[in-house]
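> Sequence isn't available, so here's the structure alone:
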């Protein structure tokens with residue numbers, strides 16, 4: 001773009017990318033350049049860090065190819081009617097930045113998204129060229145995540161999956177009605193078809209030919225999506241039900257929840273449930289419970305009559321307080337399913353409890369050594385030398401878990 005040098009474009013387009021949820025390179029195939037062939041790696045203790053102009057630490061070179069956009073989505077800061085400073089990278093500039101940042105050990109991968117310029121096909125074609133040249137010409141073996149465009153031609157997305165580790169397609173909002181209201185140029189059916197195509201391509205790569213040869217891997221780190229929350233008034237129950245369907249239908253690695261914050265120059269006023277960041281955090285916790293702890297949406301959202309999560313405490317603890325009749329549970333006898341419902345018990349600590357029980361009867365101190373958070377769990381369990389007594393049914397139990405503001409944790 002005339003008038004802006006590369007560093008200025010980077011400042012604008014890395015800042016604009018903060019609204020796109022990123023992810024680490026877990027789940028992809030192992031590649032490294034220790035054999036002297038190529039550049040980059042997806043292995044090790046994690047990818048290196050890059051820093052946006054505002055000091056945020058990001059794990060990838062996370063940029064938009066451009067923040068120009070022909071769409072006018074009401075919730076998007078980069079919509080065509082928004083008064084923001086615009087910039088655009090060329091294909092060569094994105095490749096140069098990725099390689100030079102890697103060589104300086106700033107990053108180990110690329111997260112690339114973009115506004116829609118000219119047309120969905122033209123934009124997707126440029127993103128594909130970037131990934132293809134990084135792999136074929138620069139022999140880059142690091143992690144690549146492409147935020148693909150559902151309106152683009154299916155063959156472009158299909159080819160992108162041959163070069164990117166992960167593809168993601170945004171579902172935008174929790175309901176079709178909201179998408180039609182706030183992003184009228186986007187079609188929910190088109191989005192679902194594109195996600196289904198990615199799922200089909202992934203499934204096809206697991207099938208061997210009649211000679212036993214496996215086809216080239218397609219997006220080996222899987223598919224993810226992003227959902228704006230708090231912009232359309234949807235309840236947490238609605239959001240989590242939609243996420244559950246997405247996981248089941250498209251074998252997603254992750255649904256990312258992005259808290260909506262009002263855009264200063266927005267001409268369309270959107271509803272906002274506060275506080276957005278706390279709500280986003282609770283949704284991630286609830287998502288984790290649905291995927292790995294055997295909870296149902298109706299259970300997690302039953303603590304409040306309006307279908308929203310309790311913002312004052314994590315959803316497992318809120319459920320336990322609402323269902324005290326099933327507690328306390330005996331850690332030496334309870335099933336795995338019931339142990340996973342104890343506040344303060346994670347999947348690892350439950351696994352350690354189950355593997356230890358055949359050899360000894362567990363005491364309170366043993367649970368501490370096994371990694372359980374007894375500050376939360378003590379009111380809901382019994383052990384060989386521990387009973388909560390009347391604590392489980394205490395009228396003041398909820399108040400005991402009230403904490404002053406601090407850094408959020410998963411559970």
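Arrived safely, thanks for sending. Every value quoted in this text rests on a predicted model; they were computed, and no experiment measured them.

> For the residue nearest to residue 21 when sequence neighbours are not counted, give its distance to residue 225.
Counting by C-beta to C-beta, 6 or more residues apart in numbering, the nearest residue to residue 21 once its immediate chain neighbours are dropped is residue 256, at 3.3 Å. (C-beta placed from N, C-alpha, C; glycine too.) Per C-beta to C-beta, to the nearest Å, residue 256 is found 7 Å from residue 225.

> rewinding a little: ok, the residue nearest to residue 21 to residue 126 distance?
With C-beta to C-beta as the criterion, residue 256 and residue 126 are 24 Å apart.

> Pull out the buried residues from stretch 345-365.
By 16 or more other C-beta atoms under 10 Å, the buried positions in stretch 345-365 come out as 345-346, 349-350, 352-353, 356, 362, 364.

> pLDDT and distance to residue 295 added to those residues, as CSV?
As requested, the buried residues of stretch 345-365 are arranged in CSV below (pLDDT from 0 to 100; distance: C-beta to C-beta, whole Å):
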residue, pLDDT, distance to residue 295
345, 96, 13
346, 95, 14
349, 96, 17
350, 97, 14
352, 97, 21
353, 97, 19
356, 96, 25
362, 96, 24
364, 96, 26
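
> need the contact list for residue 179.
172-173, 186, 188, 191 (C-beta atoms under 8 Å, 6 or more residues apart in numbering).

> Kindly reformat these as TSV containing secondary structure, neighbour count and pLDDT.
Formatted as TSV, these follow (DSSP: H, G, I helix; E, B strand; the rest coil; neighbours: other C-beta atoms under 10 Å; pLDDT from 0 to 100):
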residue	secondary structure	neighbour count	pLDDT
172	strand	24	94
173	coil	26	95
186	coil	19	94
188	helix	18	96
191	helix	20	96
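
> which pair in these spans the largest distance?
The span of the contacts of residue 179, defined through C-beta to C-beta, is set by 173 and 191 at 10.4 Å.

> circling back: next SSE downstream of the host helix or strand of the residue nearest to residue 21?
For residue 256, the host element (DSSP states H and E) is strand 254-259. Downstream of strand 254-259, the first helix or strand assigned by DSSP H and E is helix 276-292.

> For that next one, buried residues please.
276, 279-290.

> re earlier: partner strands of the strand holding residue 256 and their direction?
With DSSP bridges as the test, strand 254-259 is paired with strand 223-229 (parallel).

> now what about the partner strand, what contacts it?
Looking at what lies outside strand 223-229 - C-beta under 8 Å, 6+ apart - the contacts are 20-21, 23, 75, 166-174, 195, 198-199, 202, 239, 242-243, 246, 250-260, 276, 279-280, 283.

> rerun that using 7 Å as the cut-off
20-21, 23, 75, 166-174, 195, 198-199, 239, 246, 250, 252-260, 279-280, 283 (C-beta atoms under 7 Å, 6 or more residues apart in numbering).

> With secondary structure and distance to residue 90 added, can I get the buried residues of stretch 345-365 in JSON lines?
Shown next, in JSON lines, are these (DSSP: H, G, I helix; E, B strand; the rest coil; distance: C-beta to C-beta, whole Å):
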{"residue": "345", "secondary structure": "coil", "distance to residue 90": "52"}
{"residue": "346", "secondary structure": "coil", "distance to residue 90": "46"}
{"residue": "349", "secondary structure": "helix", "distance to residue 90": "51"}
{"residue": "350", "secondary structure": "helix", "distance to residue 90": "52"}
{"residue": "352", "secondary structure": "helix", "distance to residue 90": "53"}
{"residue": "353", "secondary structure": "helix", "distance to residue 90": "56"}
{"residue": "356", "secondary structure": "helix", "distance to residue 90": "59"}
{"residue": "362", "secondary structure": "coil", "distance to residue 90": "62"}
{"residue": "364", "secondary structure": "helix", "distance to residue 90": "63"}
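
> which among the residues you listed gets closest to residue 12?
After measuring those against residue 12 - C-beta to C-beta - the closest member comes out as residue 346, at 40.6 Å.

> any idea how far that closest one is from residue 300?
Relative to residue 300, and taking C-beta to C-beta, residue 346 is found at 17 Å.

> just residue 78 next, same as before
From residue 78 to residue 300 the distance is 33 Å (C-beta to C-beta).

> next one: residue 248
Distance from residue 248 to residue 300, by C-beta to C-beta: 17 Å.

> do the same with residue 315
For residue 315, the distance to residue 300 - C-beta to C-beta - is 5 Å.

> cool, residue 383 as well?
The value you get for residue 383 to residue 300, if C-beta to C-beta is used, is 27 Å.

> now residue 68
In terms of C-beta to C-beta, residue 68 sits 40 Å off from residue 300.

> what's the burial count for residue 78?
As a burial measure, residue 78 scores 21 neighbours (other C-beta atoms under 10 Å).

> pretty sure residue 216 is in contact with residue 163, am I right?
No - using C-beta atoms under 7 Å as the test, residue 216 is too far from residue 163 to be in contact (9.9 Å).

> And these two? Which one has more around it.
The neighbour count for residue 216 versus residue 163, taken as other C-beta under 10 Å, is higher for residue 163 (21 against 9).

> Please identify which helix or strand holds the residue lying closest to that one once chain neighbours are set aside.
On the basis of C-beta to C-beta, 6+ apart, the spatially nearest residue to residue 163 that is not a chain neighbour turns out to be residue 131, at 4.0 Å. Using DSSP H and E, residue 131 sits within helix 120-136.
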